[in-house]
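Participant: The following block contains a protein sequence and its predicted model.
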Amino acid sequence: MSIKGNLNGFLGYWSHSTKKTEKAEKYYKKGMEAGMSKAKYKLAYGVLLLNKGEFEAARDLFSSVLTDYSQKERIRAMAKMNLSIAYWKLGELDTAIEMLMEVQAKYTTTRIYSTLGYMLIEKGDLDRALEYNLEALDYDDEDPAILDNLAQTYYEMGILNQAKKYFLKAEEIKPDQVSTLYYLACIYDKEGNKELAREKLLKALEKDITPLNVISKEDIQRKLDGLKD
């Protein structure tokens, strides 16, 4: 254990918690260079790296916690859950899904349901995605990510009335969820309501969109430009 490393980790964690991410990253880097060992700080630094799109670095950091068998099982499960996201973003979707299913066999949380629910949509097995996302809805019917996943599943299946129903529920709970705004715009466009579609897209563009968002600024702008046709 490095006192200097973990002190910098603490300072990074504190800065991170107050949304001073640039300052946090500097401390985390110093901490790692000095042998930062506390899993709490490593996991937080890994999440920061995920949000920056530095997926390989995040993968390596989460892996170091997962393979540290001195850590409590729940801490290692948290590392595995975050590691799955890094693998997903690195193009290894099957590995990511398998890892999350292993975690869920021991721990069930809203975050696991929402993350795995989206991955199953991306996998393209919509029947399986629908079954899982309905199960997630039974677990937590007020989580905006779960509602958004179910809505996206229906959207991909072409069942637009159900998709719109759950997107609207998600929007009511979390009005700034980028994917919800984007897909509502797509539905309004299909309905011929270009003005409302434009309104949702412009609102989505105002949001802080990170590499972890499933909808990019380019996606939104492309859709917005298409409304001008």
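Facilitator: Arrived safely, thanks for sending.
Participant: Let me see the ranges of the strands in the chain.
Facilitator: Taking DSSP state E, the chain contains no strands at all.
Participant: OK, contacts around residue 141?
Facilitator: residue 147 (CB atoms under 8 Å, 6 or more residues apart in numbering). Quick note: C-beta positions are derived from backbone N, CA and C, even for glycine.
Participant: please redo it, this time with the cut-off set to 10 Å
Facilitator: 147, 150, 166, 169 (CB atoms under 10 Å, 6 or more residues apart in numbering).
Participant: got it, and residue 188?
Facilitator: 164, 194, 195, 196, 197, 198, 199, 200, 201, 227.
Participant: give me that answer again for 8 Å
Facilitator: Residue 188 neighbours (CB under 8 Å, 6+ apart): 194, 196, 197, 200.
Participant: List only buried entries from these.
Facilitator: 197, 200 (16 or more other CB atoms under 10 Å).
Participant: Of the contacts of residue 188, which belong to helices?
Facilitator: When DSSP state H defines the helices, the subset of these inside them is 194, 196, 197, 200.
Participant: Switch the residues you listed over to JSON lines; also include pLDDT.
Facilitator: Shown next, in JSON lines, are the ones in helices among the contacts of residue 188 (pLDDT from 0 to 100):
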{"residue": "194", "pLDDT": "95"}
{"residue": "196", "pLDDT": "96"}
{"residue": "197", "pLDDT": "97"}
{"residue": "200", "pLDDT": "97"}
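Participant: Any chance of JSON lines for those, columns distance to residue 138?
Facilitator: Putting the ones in helices among the contacts of residue 188 into JSON lines (distance: CB to CB, whole Å) gives the following:
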{"residue": "194", "distance to residue 138": "36"}
{"residue": "196", "distance to residue 138": "31"}
{"residue": "197", "distance to residue 138": "31"}
{"residue": "200", "distance to residue 138": "28"}
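Participant: with these in mind, which one is nearest to residue 135?
Facilitator: Distances from residue 135 to the ones in helices among the contacts of residue 188, taken as CB to CB, are shortest for residue 200 (28.5 Å).
Participant: check contacts around the residue lying closest to that closest one once chain neighbours are set aside.
Facilitator: In space, and not counting its chain neighbours, residue 200 is closest to residue 185: 4.0 Å by CB to CB, 6 or more residues apart in numbering. Residues near residue 185 by CB under 8 Å, 6+ apart: 196, 197, 198, 200, 201, 204, 223.
Participant: Can you tell me what sits against stretch 161-169?
Facilitator: The contact list for stretch 161-169, computed with CB under 8 Å, 6+ apart, reads 147, 148, 150, 151, 152, 154, 155, 180, 183, 184, 187.
Participant: actually stretch 60-77, not the one I wrote
Facilitator: Outside stretch 60-77, the residues touching it (CB under 8 Å, 6+ apart) are 39, 42-43, 45-46, 49, 79-80, 82-83, 86, 103, 106-107.
Participant: do the same with stretch 36-45
Facilitator: Against stretch 36-45 from outside (CB under 8 Å, 6+ apart): 1-2, 5-6, 8-10, 12-13, 16, 25, 28, 31-32, 61-62, 64-65, 68, 71, 75, 78-79, 82.
Participant: So what's the residue count around the closest residue in space to residue 216 that isn't next to it in sequence?
Facilitator: Taking CB to CB, 6+ apart, and ignoring the residues beside it in sequence, residue 216 has residue 209 as its nearest neighbour in space, at 6.6 Å. Counted by other CB atoms under 10 Å, the residues lying close to residue 209 total 16.
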